[in-house]
Structures are given as C-alpha cells and as structure tokens.
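Trainee: Model the following, please.
(chains A and B)
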Amino acid sequence: DAGVIQSPRHEVTEMGQEVTLRCKPISGHNSLFWYRQTMMRGLELLIYFNNNVPIDDSGMPEDRFSAKMPNASFSTLKIQPSEPRDSAVYFCASSTRDTYGYTFGSGTRLTVV
Amino acid sequence: DAKTTQPTSMDCAEGRAANLPCNHSTISGNEYVYWYRQIHSQGPQYIIHGLKNNETNEMASLIITEDRKSSTLILPHATLRDTAVYYCIVRAFASGGSYIPTFGRGTSLIVHP
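Mentor: Numbering: from 1, shown residues only, chains lettered A, B, ... in the order given. Below you'll find the predicted structure:
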C-alpha cells in the first residue's frame, strides 16, 4: 500500500495565482480530510468528506478555498486567488470506519510570495 | 469533545522509557483517548488508542487511569527516531462511525544520546 499520496510536495506561487493541491487516499478508505498546519495555529481541520460527500467545511477559512472529491480515489483543494497568509503545510488524511487511526500524507508545503 | 492538557516539552535519554502524560479531566463515558505523533516535516502518525483498559501495541503502551481523567503514553525504549511532537486527543465516535481528531499543541519530545 502506497499510503496517502499528495502532490506536489512543494509549491511556490505568486500572490493572486490559483493553486491546486491534490490527494489520493488509501484504496478502500471512505473518509478524507484536509488539514492545514502553521506555526501560529498548529494543525487545523479545513474540510472532510464521507463517501465523496463534503460533510463539514466549517474550517475552510474563506471563499477563496474550495475542495472537491469527484470520486473515491481523488480529491483537490483549490485556493483562488492565493495570498501570502495561505503559506502553510497542507495535509490530506484518509480513514475507514473499520479502523481507528487516520493515515496522513506527507503534505504539500505551500509558499505564496 | 473533552479538552486535553499536555506538557509543552519533555526530554528523555536514548534507551530509557519515555512517559508522556495527558490530562483529560472532562472526558465523558463514550470518548476514546488517541495518541498521534508528528516527526519533523512529516504528517501525523497514529500510535494507539484506548477507552478504559490499558493498551499495548508494537509502538507503545497506553495507561489510562481508573477514573479516565488522565493517561500516559509509554515508549518503553526510546530511540533518537522517537523525537517528535506527540498529540493526545479525546474524541467520541460520530454516528457514522468516524471521528475527527482535533489536534492541540502536543508535547515536543526530544530523545538525546
């Protein structure tokens, strides 16, 4: 099992540009989560999906952020337009109700200049 | 969810047991205690969880007090690779069988030679 796969590992973009982060969950996992980590705020839950359906997006900071899960094996987190304060490490995680632990990806380090 | 309190940092000598405490005095009857750790630049990694009884797996042991108001994660023979931030999380299972871990600041454990 390759685990949760995130791409890209690093992204540097200019303010105002659109950024798309990608995640492939573990096959068979029916829940997917997007987190953001900064030094100031720690790990924050942005949104999570159950069976490809968004359940709770209350953690999404503002309308510039959007997330989709078109099928069970793929999800995207999009920021448009990006701002310097969006600079952070973004983690994707997946789980199944039959297991108790989450599996996190290696994260995408986003830098907006 | 019950709030957890952990020391900000701890250190331990290599080869010795690392005992990481967590207070969760407001825990309710159906809430589990979970532990995750995050090694620098990686995503959080599930370690262990428990409800009432002590638990052990290949990574660690979890000791939960009888009143369930606190717990201790034990790494029996700490190695330099155990240097990480350790998160204690308390969460009930949602009706759909999933839980959403909310991460605090955790304990930064440094294992020294």
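Trainee: Give the bridge partners for A:Val53, please.
Mentor: A:Asn50 (DSSP bridges).
Trainee: Roughly how far does it sit from chain B?
Mentor: Distance from A:Val53 to chain B, counting by CB to the nearest CB, to the nearest Å: 11 Å. In this view, the C-beta of every residue, glycine as well, is placed from N, C-alpha and C.
Trainee: Number of residues surrounding that residue?
Mentor: A:Val53 has 7 neighbours, counted by other CB atoms under 10 Å in any protein chain shown.
Trainee: From A:Gly28, how far off is it?
Mentor: 17 Å (CB to CB, to the nearest Å).
Trainee: for residue 14, what are its contacts?
Mentor: All of this refers to chain A. Neighbouring residues of A:Glu14 by CB atoms under 8 Å, 6 or more residues apart in numbering or on different chains: A:Ser82, A:Val112, A:Val113.
Trainee: Let me rephrase: I mean chain B.
Mentor: B:Ala78, B:Thr79, B:Leu80, B:Val111, B:His112, B:Pro113.
Trainee: Could you list the low-pLDDT ranges of chain A?
Mentor: A:1, A:97-100 (pLDDT under 70).
Trainee: where's A:Ser27 relative to A:Phe74, distance?
Mentor: Using CB to CB, A:Ser27 is found at 12 Å from A:Phe74.
Trainee: The two: which has the busier surroundings?
Mentor: A:Phe74 (15 against 10).
Trainee: The more buried one and A:Cys23 touch, don't they?
Mentor: Yes - using CB atoms under 8 Å, A:Phe74 is in contact with A:Cys23, at 7.3 Å.
Trainee: ok, now which ones touch the residue positioned nearest the centre of chain A?
Mentor: Geometric centre of chain A, nearest residue: A:Trp34, 3.4 Å, by CA atoms, centre = their mean. Taking CB under 8 Å, 6+ apart as the criterion, A:Trp34 is in contact with A:Cys23, A:Leu45, A:Leu46, A:Ile47, A:Tyr48, A:Ala67, A:Ser75, A:Leu77, A:Tyr90, A:Phe91, A:Cys92.
Trainee: Can I take it that the first one is in a strand?
Mentor: Right, the one you point to is A:Cys23. Yes - under DSSP: H, G, I helix; E, B strand; the rest coil, A:Cys23 falls within a strand.
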